[in-house]
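Novice: Need coordinates for the below:
(one chain, ligands or ions: 4)
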Amino acid sequence: LYMEKGLREAIANNHLVLHYQPIVDLVTGTAVGLEALVRWQHPERGLAFPDQFMSVAEESGLIVDMGQWVLRAACQFGKELLDNGKELNLAVNVSVKELLQADFVDQVALVLSETAFPSRYLELEIVETLLIENFSVAIPKLRALRSIGVQISLDDFGTGYSSLHYLTELPIDIIKIDRSFLAGAMESNKQAAIVETMVALAHRLQLTVVAEGVETEEQRQFLKQLCCDKVQGYLISKPVDQAKVYELI
Ligand code: G
Ligand code: G
Ligand code: MN
Ligand code: NA
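Specialist: Numbering: from 1, shown residues only. Ligands and ions are numbered 1, 2, ... in the order given. This is a model prediction of the structure:
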């Protein structure tokens, strides 16, 4: 498969690059975190986005090598920021295929120690649906990750089918409300009620809440009133390259 071969070479030749999207504290208005988002810097075709190669990565199993590359690059950048006095959490997306690798927790611990990035600044984002489908294998791994100090985020919250049933059993720290909920919240009182309830539910469970896909000041004010903890979205910034991160923070 051409794509698979190309992707394998891209990982080996460092043709992947991370962009970072700031995550802002709603009370202070300052950036407290960055979500790392992978791109493929293709020598001929230019910058490719995850929707163009993530399914190939998943199906071929290359997601495991790619994930290792991403984790290391993100931790290195997080450490560089810390060394420059910028204390920011780094959020890294992890696919369930990676999480289910027998040595995943050991690999995370190794990357943290080799990059000297303190575990408390690392957040691993896992999408809800896939986590619940692999519940019994995934849970002990999430526990082990938390025991080494890593924080766990439930990504795309609200889009999974049995989220509420499992919510109390998942060893997580953060809920990320999927951007599809924000999109309708300004037009519909019912949609707004759902977001309000999600924030309240997360707080009752002593979880931090991040709202994704915040594009307007109106949405930001709405979330602030709800005491949502953090926001992420085009209103603050699109994902940017490493150099631009320094301009933003
Ligand atoms: O901005 P963007 O197009 O990068 O992200 C699209 C999707 O790709 C998001 O749902 C995000 O979770 C996923 N994604 C981006 N980077 C990574 C990564 O490094 N690993 C995994 N597993 N998914 C990623
Ligand atoms: O991992 P996750 O599925 O949350 O990935 C985030 C995705 O959402 C990325 O593709 C990113 O570029 C995109 N994104 C981030 N902020 C916004 C926003 O404000 N609006 C929209 N439409 N997409 C966003
Ligand atoms: Mn994410
Ligand atoms: Na998400």
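Novice: Strands along this protein, start to end?
Specialist: 16-25, 31-42, 46-48, 89-93, 122-127, 151-157, 174-177, 208-211, 230-231 (DSSP state E).
Novice: Ok, which of the ones you listed comes nearest ligand 4?
Specialist: strand 151-157 (4.1 Å; Cβ to the ion). The C-beta positions use only the backbone N, C-alpha and C, and glycine is treated the same way.
Novice: contact partners of the closest one?
Specialist: 89, 91, 93, 120, 122-129, 131, 142, 145-146, 163, 170-178, 198, 210 (Cβ atoms under 8 Å, 6 or more residues apart in numbering).
Novice: which of those count as buried?
Specialist: Among these, the ones that count as buried by 16 or more other Cβ atoms under 10 Å are 89, 91, 93, 122-128, 131, 142, 145-146, 163, 170, 172-178, 198, 210.
Novice: Please name the nearest non-neighbouring residue to L81.
Specialist: L88 (5.5 Å; Cβ to Cβ, 6 or more residues apart in numbering).
Novice: How about L201?
Specialist: The spatial neighbour of L201 that comes closest, neighbours along the chain excluded (Cβ to Cβ, 6+ apart), is L167 at 7.7 Å.
Novice: Quick check: the one you found touching L205?
Specialist: Yes. The criterion here is Cβ atoms under 8 Å, and L167 meets it with L205 at 6.7 Å.
Novice: Flag every residue of this structure that's near ligand 2.
Specialist: 21, 37, 93, 155-156, 179, 212-215, 233-234, 239 (Cβ under 6 Å from any ligand atom).
Novice: which of those residues sit farthest apart?
Specialist: Farthest pair in the residues of the chain next to ligand 2 (Cβ to Cβ) is N93 and E215. Separation: 20.7 Å.
Novice: what packs against the helix or strand of the chain with the lowest mean pLDDT?
Specialist: The least trusted helix or strand in the chain, going by mean pLDDT, DSSP states H and E, turns out to be helix 163-167, with a mean of 78. Judged by 3 or more Cβ pairs under 8 Å, 6 or more residues apart in numbering; DSSP states H and E, helix 163-167 is in contact with helix 128-133.
Novice: Would the helix it packs on count as contacting ligand 1?
Specialist: No. Using Cβ under 6 Å from any ligand atom, helix 128-133 stays clear of ligand 1, coming no nearer than 10.1 Å.
Novice: to the chain's geometric centre, what's the distance from that helix?
Specialist: 15 Å (Cα atoms, centre = their mean, to the nearest Å).
Novice: same deal with stretch 230-242?
Specialist: With Cα atoms, centre = their mean, you get 12 Å for stretch 230-242.
Novice: Please point out which parts of it sit buried.
Specialist: In stretch 230-242, counting by 16+ other Cβ under 10 Å, buried: K230, V231, Q232, G233, I236, S237, P239, V240.
Novice: That one and ligand 3, are they touching?
Specialist: No. For stretch 230-242, no contact with ligand 3 is found by Cβ under 5 Å from the ion; the gap never falls below 8.8 Å.
Novice: Equivalent analysis for stretch 119-139, please.
Specialist: Yes. Counting by Cβ under 5 Å from the ion, ligand 3 is contacted by stretch 119-139 at E125.
Novice: now, which of the residues of the chain next to ligand 2 sits nearest D65?
Specialist: The closest of the residues of the chain next to ligand 2, once distances to D65 are taken by Cβ to Cβ, is N93, at 14.9 Å.
Novice: Looks like the closest one contacts M54 (just checking).
Specialist: No. Applying Cβ under 8 Å, one finds N93 not in contact with M54, separated by 9.6 Å.
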